[in-house]
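**Student:** sequence? don't have it. structure:
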């Protein structure tokens, strides 16, 4: 089953969707990132591997590759997801 991640903090207007796509490509995970009306960013990951999703989240939080991101992630929620992978920013 795919994964849905909700990122909260200073995540809109700060290159967050591009940042999410860079780590997706780096970790060979396909997905999509979208801005939500409540100020959060939703990321859909096309993986059923929980360890891959956790590695992806850890990379977003710690930014070990030093990708450009001008905001901050204060909270991360991880859910199982069974719908289509779609969004504003596909990777």
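**Tutor:** Sure, I can see it. Model, not experiment: these values are computed from the prediction.
**Student:** helices of this protein, residue ranges please.
**Tutor:** Here the chain has its helices, by DSSP state H, at 16-26, 50-62.
**Student:** was I right about residue 90 contacting residue 34?
**Tutor:** No - checked against C-beta atoms under 8 Å, the pair residue 90 and residue 34 is beyond contact range at 9.9 Å. Glycine gets a C-beta too; all of them are placed from N, C-alpha and C.
**Student:** show me where the protein has its strands.
**Tutor:** Secondary structure of the chain by DSSP state E: the strands cover 2-10, 31-35, 41-45, 72-81, 89-90.
**Student:** relative to residue 51, which of those strands is closest?
**Tutor:** Nearest to residue 51 among these is strand 2-10 (11.2 Å), distances taken as C-beta to C-beta.
**Student:** what lines up beside the closest one in the sheet?
**Tutor:** If you go by DSSP bridges, strand 2-10 pairs up with strand 41-45 (antiparallel), strand 72-81 (antiparallel).
**Student:** what sits up against the last one?
**Tutor:** Taking contacts as C-beta atoms under 8 Å, 6 or more residues apart in numbering, the residues outside strand 72-81 that touch it are 1-11, 16, 44, 53-54, 57, 60-61.
**Student:** try stretch 50-64
**Tutor:** Stretch 50-64 is contacted by residues 3, 5, 7, 19-20, 23-24, 26-27, 29, 45, 47, 65, 69, 73, 76, 78 when judged by C-beta under 8 Å, 6+ apart.
**Student:** can you rerun that using 7 Å?
**Tutor:** Contacts to stretch 50-64, defined as C-beta atoms under 7 Å, 6 or more residues apart in numbering, come from residues 3, 5, 20, 23-24, 27, 29, 45, 47, 69, 73, 76, 78.
**Student:** next, give me the two most distant ones among these.
**Tutor:** Based on C-beta to C-beta, the longest span within those runs between 47 and 69 and measures 21.4 Å.
**Student:** so which of the strands paired with strand 2-10 is the most packed in?
**Tutor:** Of all those, strand 41-45 carries the top mean neighbour count, a mean of 25, counting by mean count of other C-beta atoms under 10 Å.
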